[in-house]
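# take this sequence and fold it.
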Amino acid sequence: MNYLFITIVVFFLPFIFFDGCVVLDGRILTGHWKPISNVTDATVVDIGKFAVDEHDLNDHASLKFVKVVSGEIQVVAGMNYKLTITTVNGGLENNYVAVVWVQPIQKSRQLVSFKGPI
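Numbering: from 1, shown residues only. Predicted coordinates for the structure are as follows:
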């Protein structure tokens, strides 16, 4: 019973979160980046804020989150979010690119990279 449930969840979960996935010979292909159509979505904004907060904490910086400009998502063992984020520091706005690895089931997030200003 549990095996069947896990198989169904693993197969259908990507279709719930995305408009579609690349499927070849019945396998869902992971690793492809897909544009995020709504960067003002509360989840995307929350991940953007998390990226800036983690960067500030790790690098003793004082950037303030403004908005997510654009983004892409990648299915891995969880999801990678690659976001272009506008921040402000001392009145000066700059854009940065952050990658955050999210495991929704385990409710964990990890800042993978934070680059910029770009």
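
# surely A51 is within a helix?
Yes: assigned with DSSP: H, G, I helix; E, B strand; the rest coil, A51 falls within a helix.

# residue contacts, it?
83, 85, 98, 100, 111, 114 (Cβ atoms under 8 Å, 6 or more residues apart in numbering). Placement of C-beta: from N, CA and C, glycine included.

# not counting its neighbours along the chain, what's nearest it?
Distances taken as Cβ to Cβ, 6 or more residues apart in numbering place A98 nearest to A51, at 3.7 Å, with adjacent residues excluded.

# neighbours of the one you found, how many?
25 (other Cβ atoms under 10 Å).

# repeat for the one 10 residues further on
A total of 10 residues lie near S108 under the criterion other Cβ under 10 Å.

# and what of H55?
When neighbours are defined as other Cβ under 10 Å, H55 has 22 of them.

# I'd guessed it sits against L111; true?
Yes: H55 is in contact with L111 according to Cβ atoms under 8 Å; the separation is 6.6 Å.

# joint contacts of the two?
Common neighbours of H55 and L111 (criterion: Cβ under 8 Å, 6+ apart): A98.

# now the protein, which segments are flagged as low pLDDT?
Scanning the chain for pLDDT under 70 picks out the ranges 1-29.

# how much space separates the residue nearest to the spatial centre of it from T87?
Centroid-nearest residue in the chain: Y81, 2.0 Å away (criterion: Cα atoms, centre = their mean). Separation of Y81 from T87 (Cβ to Cβ, to the nearest Å): 16 Å.

# ok so, going back, who are the contact partners of the residue nearest to the centre of the chain?
By Cβ under 8 Å, 6+ apart, Y81 lies in contact with 36, 44, 47, 71-73, 98-100, 102.
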